[in-house]
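S.K.: coords below, sequence missing:
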């Protein structure tokens, strides 16, 4: 099994999903990604192009045989893919939060992103990548808040 994010992984029929990709690809991610692609009327090739990858990569993501990159997630979010749904299996139409709860969540997400970037001064992330990371952090914190 190859565990680099964004790279295909080879699994035998008896292999189990262990290691870093378990946290990277949530169960059902591929099915939800395909559902979102079909809901918006995109072909695999069209959504792949929006995410900056080839159609083969899109197919591997939908089969959960490869983990998507932040750049890919950022790209597909700009064409309407609900990242919260594909990553956390929770629709945007779920329980409403108060404006102050949303503000607190967004502040915590921004602080977490700021700490993450400060720990990696040698890394360069463009605005789209930073925004995608913020969206993932915000979605995770929102899910936690809604489960309370």
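M.R.: Thanks, I have it. Being a predicted model, the structure only gives us computed values, none of them experimental.

S.K.: so where is this protein shaky, pLDDT-wise?
M.R.: Counting by pLDDT under 70, the chain has low-confidence residues at 1-24, 90-96.

S.K.: mind giving me the domain ranges of it?
M.R.: Domain ranges of the chain: 20-88, 99-147, per automatic domain parsing.

S.K.: Pick the most deeply packed of these.
M.R.: For the domains of the chain, the largest average neighbour count (mean count of other CB atoms under 10 Å) is found in domain 20-88, namely a mean of 18. In this view, the C-beta of every residue, glycine as well, is placed from N, C-alpha and C.

S.K.: thought residue 138 was touching residue 107?
M.R.: No - under the criterion of CB atoms under 8 Å, residue 138 makes no contact with residue 107, lying 10.0 Å away.

S.K.: in which helix or strand would I find residue 145?
M.R.: Assessed by DSSP states H and E, residue 145 sits inside helix 127-147.

S.K.: Need the contact partners of that helix.
M.R.: 70-71, 73-75, 77-78, 83-84, 87-88, 90, 94-95, 97, 101-102, 105-106, 108-110, 112-113, 116-117, 125 (CB atoms under 8 Å, 6 or more residues apart in numbering).

S.K.: any chance you could map the helices in the chain?
M.R.: Ranges of helices within the chain are 20-24, 29-39, 44-51, 55-62, 70-77, 83-88, 99-118, 127-147, based on DSSP state H.

S.K.: helices or strands up against the fourth one?
M.R.: Going back to what we said before, that points to helix 55-62. Helix 55-62 sits against helix 29-39, helix 44-51, with contacts defined as 3 or more CB pairs under 8 Å, 6 or more residues apart in numbering; DSSP states H and E.

S.K.: Quick one: these as a markdown table, columns for distance to residue 65 too.
M.R.: Formatted as a markdown table, these follow (distance: least, CB to CB, whole Å):
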| stretch | distance to residue 65 |
| --- | --- |
| helix 29-39 | 8 |
| helix 44-51 | 14 |
